[in-house]
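Q: Below are the sequence and a predicted model; questions follow.
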Amino acid sequence: MNSKEKKSEMQSSNRILWLDTLRGLACLIVFFAHVIARFPETVDYSYGVGKIGVWFFMVSGGYLLLMSGKTEKIGIKWILRFYVKKIVKIYPCLIIGVLLTWYAGLMEKCDIIKNLLLIKGSAHLWFIPVIIKFYLIAPLFIVFDRIVKNDLVKAVSFLGIGTVAAIVWPFTKYPENSIELRWYVPVFMMGIIIYYISKHIKNEDGKLRILGDMLAVGAAIGIIMLTPLVRLKLLGLDNPWFLQNKYIFLGLLWSVMIIGILMGRVVKKLLEMIKPLQMLSVISYPVYIFHYPVIFLLIWLFEPSVVLLFIEAFVATLIISVIYNFIFGLVVRLVKKDGDR
């Protein structure tokens with residue numbers, strides 16, 4: 001990438017616009033899947049669809065990981081600060097989400113502490129222990145990245161970790177919604193490998209740009225073709241559960257899409273223009289945590305149709321998430337201000 005493109009890719013807050021759009025889209029996919037799963041006439045089209053978004057969160061988490069400490073000196077203080085940041089970001093929201101999930105009847109009272117201690121992941125919260133466990137070992141990857149200088153050696157090493165994990169814990173044995181990190185190691189490693197690939201992508205060549213855009217679009221089509229709606233309705237295949245354990249395949253498709261976007265220009269520019277999804281990305285964490293119990297609470301209160309439930313739940317979740325983000329940001333700023341005195 002040339003310097004002008006790199007500059008346009010980042011906002012003043014150092015957010016990657018096209019990646020934010022994809023994260024917002026992934027959040028929307030999860031939301032949509034959980035809404036249509038609540039109705040008999042659409043439930044067959046929902047199986048595994050939400051996980052398409054979750055697998056993207058894992059790939060993008062790996063991709064962004066090594067960027068988080070690339071300009072800082074790595075030491076004990078940095079590692080402690082890394083953990084504190086993650087705890088502060090995740091736990092206040094998780095506490096509210098756990099209580100909401102319990103209130104909505106989606107977990108037993110005795111499971112509240114288990115969810116907070118990450119030894120259980122009720123309903124949609126199974127993903128939270130996974131991402132936290134990844135963050136717990138993440139500094140090891142960052143330290144390894146600093147110690148080893150050759151990008152090829154680093155990429156091959158992470159590829160080896162992902163390959164070994166995929167063989168030892170094959171996706172065919174995957175227990176759905178497992179909170180164990182070992183199953184998802186290959187997907188996180190894909191994101192880390194993309195990071196090293198991205199450092200060596202040169203997209204000044206017009207033909208490579210076209211190829212990149214074709215890869216991105218092709219990967220998107222591949223993801224769509226794997227959805228139950230296409231497989232059941234258009235292809236006549238009768239296995240709606242097909243996507244439930246296909247994290248490696250979906251992770252690869254998301255990885256190809258990201259590499260294609262980095263190589264190309266058109267898809268990236270189009271994604272950078274979709275501001276609403278970028279705004280959704282900013283609050284994607286509370287949206288993910290809060291949306292599921294909100295959906296169930298609204299069903300009990302109003303018994304809405306599919307379309308009405310989607311609109312009501314989406315608006316309600318956005319309002320709650322924006323309020324949470326505002327209050328959380330205010331508290332963090334006050335704590336920082338007091339700490340500077």
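A: In hand now; what should we look at?
Q: Over to residue 38. Which of the three states is it?
A: coil (DSSP: H, G, I helix; E, B strand; the rest coil).
Q: wait, residue 120
A: Going by three-state DSSP: residue 120 is coil.
Q: Could you find the closest non-adjacent residue to it?
A: Excluding the flanking residues, the one nearest residue 120 by CB to CB, 6 or more residues apart in numbering is residue 114, at 3.9 Å. Heads up, the C-betas are built off the backbone N, CA and C, glycines and all.
Q: Tell me how many other residues crowd that neighbour.
A: Neighbour count for residue 114, taken as other CB atoms under 10 Å: 16.
Q: Name the helix or strand for it, please.
A: helix 111-116 (DSSP states H and E).
Q: neighbouring contacts of that helix?
A: Under the criterion CB atoms under 8 Å, 6 or more residues apart in numbering, residues 91, 94-95, 98-99, 101-102, 107, 120-122, 125, 128 lie in contact with helix 111-116.
Q: Specify which member of these is nearest to residue 312.
A: Relative to residue 312, the closest of these is residue 101; by CB to CB it sits at 18.4 Å.
Q: So which residues of the stretch 201-341 of the chain form strands?
A: Using DSSP state E, counting those that start in this stretch, no strands are found in the stretch 201-341 of the chain.
Q: In contact with the closest residue to residue 18 other than its chain neighbours: list those residues for me.
A: Sequence neighbours aside, residue 271 is the residue nearest to residue 18 in space, at 3.9 Å (criterion: CB to CB, 6+ apart). Contact analysis of residue 271 by CB under 8 Å, 6+ apart lists 17-18, 21-22, 261.
Q: which of the contacts of helix 111-116 count as buried?
A: Buried by 16 or more other CB atoms under 10 Å: 94, 98, 101-102, 107, 120-122, 125, 128, out of these.
Q: before we move on, the earlier item: show only the entries of the contacts of residue 271 found in helices.
A: Among the contacts of residue 271, the ones falling in helices (DSSP state H) are 17-18, 21-22, 261.
Q: Among the residues you listed, find me the one that's closest to residue 49.
A: Ranked by distance to residue 49 (CB to CB), those are led by residue 22 at 16.0 Å.
Q: From the contacts of helix 111-116, which land in helices?
A: If you go by DSSP H, the contacts of helix 111-116 have 91, 94-95, 98-99, 101-102, 128 in helices.
Q: Kindly reformat the ones in helices among the contacts of residue 271 as JSON lines and extend each row with pLDDT and neighbour count.
A: Shown next, in JSON lines, are those (pLDDT from 0 to 100; neighbours: other CB atoms under 10 Å):
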{"residue": "17", "pLDDT": "95", "neighbour count": "21"}
{"residue": "18", "pLDDT": "96", "neighbour count": "21"}
{"residue": "21", "pLDDT": "97", "neighbour count": "23"}
{"residue": "22", "pLDDT": "97", "neighbour count": "25"}
{"residue": "261", "pLDDT": "96", "neighbour count": "26"}
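Q: Closest one of these to residue 157?
A: residue 261 (24.9 Å).
Q: Settle this for me: that closest one is touching residue 214, isn't it.
A: No - counting by CB atoms under 8 Å, residue 261 does not reach residue 214; the two are 11.4 Å apart.
Q: circling back: and the furthest pair within the contacts of helix 111-116?
A: Spatially, the most separated pair among the contacts of helix 111-116 is 91 and 107, at 17.2 Å (CB to CB).
Q: list the buried ones in the helix holding residue 114?
A: Residues of helix 111-116 classed as buried: 111-112, 114-116 (neighbour count, 16+ other CB under 10 Å).
Q: Next: stretch 163-182.
A: Residues 165-166, 169, 174, 177-179, 181 are the ones in stretch 163-182 that count as buried (16+ other CB under 10 Å).
Q: For the stretch 151-300 of the chain, give me the ranges with low pLDDT.
A: Along the stretch 151-300 of the chain, the model assigns pLDDT under 70 to residues 203.
Q: for stretch 50-67, the distance to its chain's centre please.
A: Centroid separation for stretch 50-67 versus its chain: 4 Å, with CA atoms, centre = their mean, to the nearest Å.
Q: What separation do you get for residue 283 and residue 244?
A: Distance, residue 283 to residue 244, using CB to CB, to the nearest Å: 27 Å.
Q: So for the two, which sits in the more crowded spot?
A: residue 283 (20 against 15).
Q: Would you confirm that that one contacts residue 325?
A: Yes - assessed by CB under 8 Å, residue 283 is found in contact with residue 325 at 5.2 Å.
Q: returning to what we had before: please identify which of the ones in helices among the contacts of helix 111-116 is nearest to residue 43.
A: Distances from residue 43 to those, taken by CB to CB, are shortest for residue 101, at 20.2 Å.
Q: Contact partners for the closest one?
A: Counted by CB under 8 Å, 6+ apart, residue 101 has contacts 107, 115, 122-125, 292-293.
Q: Distance to residue 303 added to the residues you listed, as CSV?
A: Putting these into CSV (distance: CB to CB, whole Å) gives the following:
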residue, distance to residue 303
107, 23
115, 28
122, 24
123, 20
124, 21
125, 25
292, 18
293, 17
